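*Asks:* Here's my sequence, what's the structure:
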Amino acid sequence: MIERFLHGLSEKMEDPDDCSYMTVVIPGDIDPLQRHYRFSVYVDAELRLAGLGCSMGGGTLFYDTGDEDDAGSAEEEEIAFCVLDVDATDIDRARALLRTHLPELGAPAGTLVQWEDREDRYDGARWHLAEPRSIDDI
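*Replies:* The predicted structure follows:
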């Protein structure tokens, strides 16, 4: 019965062959499961349904605080931001889709959509488009 509603969706579940790599950088201490269920599953679904690619995977960037505990050992690293990996078949259309959906998903100010040597930056109210990358080592 449900198969009649799924007609045409199986090809959207396949990973695209010809795509460009993009990253979505979300500032804050977001653990991997929270990143997955708060952002990744929705971004992946929207990209696939629109035929613009997929989002599978991501990561977390830590930074060394430089602090030491009383014994002189380095303190734990802190999370700077989390990253969503995006494979886009059309960068400009994928950027537009991400700029629409990321604020709806609660992406905070400072969120970046990066591709090549450029990025779109969200300031909490609006997007600043195609700026030079502010973070290169992801």
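*Asks:* what ranges do the helices span in the protein?
*Replies:* Listed in chain order, the helices of the chain (DSSP state H) span 3-6, 32-35, 41-49, 91-104.
*Asks:* could you list every residue that touches the nearest residue to Glu119 once chain neighbours are set aside?
*Replies:* Excluding its sequence neighbours, the residue lying closest to Glu119 (CB to CB, 6 or more residues apart in numbering) is Leu112, at 4.8 Å. Using the backbone N, CA and C atoms, a C-beta is placed for each residue, glycine as well. By CB atoms under 8 Å, 6 or more residues apart in numbering, Leu112 lies in contact with Thr23, Val24, Val25, Glu119, Asp120, Arg121, Tyr122, Ser134, Ile135.
*Asks:* Closest to Leu105 out of these?
*Replies:* Val24 (10.3 Å; CB to CB).
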